[in-house]
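Asks: Predicted model follows, preceded by the sequence.
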Amino acid sequence: MGIVRYFRNILAGLWNLLVGLSVTTKYFFKGTTTQQYPEERLPLPVRSRSMIKLIYDDEKDQFNCVACLMCMKACPNSCIKLEGVRQADGKRRMTTFKLDFSTCIFCGYCVEACGFDALTFVSEEYENSVYKRGSLLQDEQAMKWVRPHSPAAEAAPIENTAPATAGAQS
Ligand code: SF4
Ligand code: SF4
């Protein structure tokens, strides 16, 4: 019996070796999946929450924000502070907008609350590290974002599921 077990163990060892080698061979011929960051950058899905931006209409030369304060009220962490004025035409416009990203949890409530297409998540800006916490307080100029005019972007706009009630104070 001893000799039988001896050869059985040898065969079992050989089988396990072959199984291991087959896995190695399979991955050897597979394409690489790693990127040479930062030379190569992965395009993130459009719906990824990389950074929040204030949409700027370059045709009207103004931000879309009308200072309705809905985003400020919706924010659970009080990250947003903004002010606005009523213009001669009776419409309100934002004058200052500040978002403190050091306390923002990227929950998206502010984006959902905005009924004026003024706030959006932007997927391509995901390198958000800074050296000082104070640098995470961004104003309207730092958050300014112009929607690209490419056909692909227009065909697949970032969805805003804002409730219709947000347009009360225009
Ligand atoms: S994503 Fe959430 S936490 Fe950040 S500013 Fe908007 S509502 Fe506030
Ligand atoms: S909800 Fe939209 S329009 Fe209203 S203050 Fe916020 S960003 Fe401006």
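Replies: Looks like it arrived, so ask away. Ligands and ions are numbered 1, 2, ... in the order given.
Asks: Let me see the contact set for residue 6.
Replies: Residues near residue 6 by CB atoms under 8 Å, 6 or more residues apart in numbering: none. In this view, the C-beta of every residue, glycine as well, is placed from N, C-alpha and C.
Asks: Can you tell me the element it falls in?
Replies: According to DSSP states H and E, residue 6 maps onto helix 2-28.
Asks: Following the chain onward from that helix, which element is next?
Replies: Using DSSP H and E, the helix or strand that follows helix 2-28 towards the C-terminus is strand 51-57.
Asks: can you list the domain ranges for the protein.
Replies: Listed by automatic domain parsing, the domain ranges of the chain are 1-33, 51-167.
Asks: average pLDDT across the first one?
Replies: The pLDDT scores in domain 1-33 average 92.
Asks: got it, and the last one?
Replies: Domain 51-167 carries an average pLDDT of 87.
Asks: quick one: that domain to chain centroid distance?
Replies: Centroid separation between domain 51-167 and its chain, computed with CA atoms, centre = their mean, to the nearest Å, is 13 Å.
Asks: and what of the first one?
Replies: Relative to its chain's centre, domain 1-33 lies at 45 Å (CA atoms, centre = their mean).
Asks: picking up where we left off before, can you say which of the domains of the chain is packed in most?
Replies: domain 51-167 (a mean of 15; mean count of other CB atoms under 10 Å).
Asks: Quick one: list the elements packing against the strand ranked longest in the chain.
Replies: Longest strand in the chain by number of residues (criterion: DSSP state E): strand 92-100. Applying 3 or more CB pairs under 8 Å, 6 or more residues apart in numbering; DSSP states H and E, one finds that strand 92-100 makes contact with strand 62-63, strand 80-86, strand 137-139.
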